[in-house]
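[1] what follows is a predicted protein model with its sequence.
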Amino acid sequence: MSQPPVTIPGSPVVPNMVSPDHVIQFSCHKGIGCWNACCSNIDISLTPYDIIRLKKRLGITSTEFLKEYTVPYEMEKDGIAGVKFRSVDNGTACRFMRPEGCSVYADRPTACRYYPVALLSMRKQDEYTDTESYAIVKEDHCRGHAENRRLAIADYRKEQGVEEYDELARGWRQLVLKKKSAGPSVGAPSLKSRQLFFMACYDVDTFHDFVESEAFGKLFKLSADEKAMLMADDVELMQFAFRFLKQVLFGEQSIELDEAAAKARLEKWRERQKEIEREAAEKLARAEEGMYEDTDFDQGGPSAP
Ligand code: SF4
Ligand code: SF4
């Protein structure tokens, strides 16, 4: 099972973008000849909400979930962090696949719900809303396309419970699209910003501790009620994380800052930049000195005056 982000020649994605009204012919049910074939060879990207649902289902923290069940990957060469399911040891099957079907069915990720439909999110550089359309994935092993059932993608999404998943992943998709459309002109993101993106998007329990910390409280002004609500509800916290990232990565201010603390932080950052520049200049000067020390001008030669 795969969730290709774009249509690629030779891939199982039918190269047409379609709307929610598009009618598909498809049914998947126990007893079908290809039962579990899709879950035997996986390439499943996870959304932040997928992770919250699954870690709750398994009764573990997001940090434990990420370590045990996922692998990180880069969505784009410019370093947008993503997370995929880790398959079984020495194999390609999903760790949740059982002979009778999916063992986490009620909490299965978005990509599993959508299959054989792929969601395509797009954002133009000068627009601030994303548009969504769909593509159909046809893989040779999947016999569901030969079943006699026709329904619109909109109805399929309802049936599969995708609407809630999409709604709760919207903020994250917008962040990813914004980062992609920012393009290489802004340069590769720093390690620190990539780590921040990863933590805030995927590791909700670590982000919980971060928001609860004294340092965070000094810089961001949250009311006691808002903080209590965030500390008690992972989904609220996840949506706050998207706002937080939009603010720190794109300057979209929505969380009130403590002015004095923000100013002090900015000063510290400027000082650090000066220090970096000073160190670089010193390093360059030392390198140049070393270069000229090795040059024996008295000996003459082709480049001597
Ligand atoms: S989570 Fe369930 S539906 Fe998705 S790949 Fe794994 S077994 Fe299949
Ligand atoms: S019909 Fe397709 S989605 Fe259903 S089990 Fe078979 S391969 Fe998987």
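    Received the coordinates, thanks. Numbers count the residues shown, from 1 in each chain. Ligands and ions are numbered 1, 2, ... in the order given.
[2] how much space between the residue of the stretch 201-305 of the chain found nearest ligand 1 and Q247?
    Residue nearest to ligand 1 within the stretch 201-305 of the chain: Y202 (16.7 Å; C-beta to the nearest ligand atom). Placement of C-beta: from N, CA and C, glycine included. From Y202 over to Q247 the distance is 18 Å, taken as C-beta to C-beta, to the nearest Å.
[3] what's the neighbour count on E282?
    Residues within reach of E282, counting by other C-beta atoms under 10 Å, total 10.
[4] oops, could you answer that again for V88 instead?
    13.
[5] next, give phi and psi for it.
    With angles defined as degrees, to the nearest 10, V88 sits at phi -60, psi 160.
[6] give the contact list for it.
    V88 is in contact with 94-95, counting by C-beta atoms under 8 Å, 6 or more residues apart in numbering.
[7] one more time with 7 Å
    R95 (C-beta atoms under 7 Å, 6 or more residues apart in numbering).
[8] ditto for A261
    Shown in contact with A261 (C-beta under 7 Å, 6+ apart): 218-219.
[9] quick check: G251 vs A261, distance?
    Distance from G251 to A261, by C-beta to C-beta: 17 Å.
[10] grab the nearest non-local neighbour of the residue nearest the centre of the chain.
    Centroid-nearest residue in the chain: G82, 4.0 Å away (criterion: C-alpha atoms, centre = their mean). The spatially closest residue to G82, leaving aside those adjacent along the chain, is M75, at 4.3 Å (C-beta to C-beta, 6 or more residues apart in numbering).
[11] quick check: phi and psi at that neighbour.
    Main-chain dihedrals, M75, degrees, to the nearest 10: phi -70, psi -30.
[12] returning to that earlier point: so the residue of the stretch 201-305 of the chain closest to ligand 1 touches L66, yeah?
    Yes: the criterion here is C-beta atoms under 7 Å, and Y202 meets it with L66 at 6.3 Å.
[13] give me the common contacts of the two.
    Residues touching both Y202 and L66 comprise V83, with contact defined as C-beta under 7 Å, 6+ apart.
[14] out of these two, which sits in the more crowded spot?
    The residue with more neighbours, out of Y202 and L66, is Y202; 27 against 22, by other C-beta under 10 Å.
[15] ramachandran angles for V71?
    For V71, the backbone dihedrals (degrees, to the nearest 10) come out as phi -130, psi 140.
[16] and it, what are its bridge partners?
    Taking DSSP bridges as the rule, V71 bridges to K84.
[17] burial count for it?
    With other C-beta under 10 Å as criterion, V71 counts 11.
[18] could you check how far it is from V137?
    For V71, the distance to V137 - C-beta to C-beta - is 22 Å.
[19] can you give me the helices for the protein?
    48-58, 62-69, 110-114, 153-159, 162-182, 191-202, 204-212, 214-219, 224-232, 234-250, 259-293 (DSSP state H).
[20] export those helices as CSV, with columns for mean pLDDT.
    Listed next are these as CSV, based on pLDDT from 0 to 100:
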stretch, mean pLDDT
helix 48-58, 98
helix 62-69, 98
helix 110-114, 97
helix 153-159, 97
helix 162-182, 90
helix 191-202, 92
helix 204-212, 98
helix 214-219, 93
helix 224-232, 97
helix 234-250, 96
helix 259-293, 79
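[21] among these, which is nearest ligand 2?
    So among the helices of the chain, helix 110-114 is nearest, using C-beta to the nearest ligand atom, at 8.9 Å.
[22] helices or strands up against that closest one?
    helix 162-182 (3 or more C-beta pairs under 7 Å, 6 or more residues apart in numbering; DSSP states H and E).
[23] run through the neighbouring helices and strands of the helix it packs on.
    Helices and strands touching helix 162-182, by 3+ C-beta pairs under 7 Å, 6+ apart, are helix 48-58, helix 110-114, helix 234-250.
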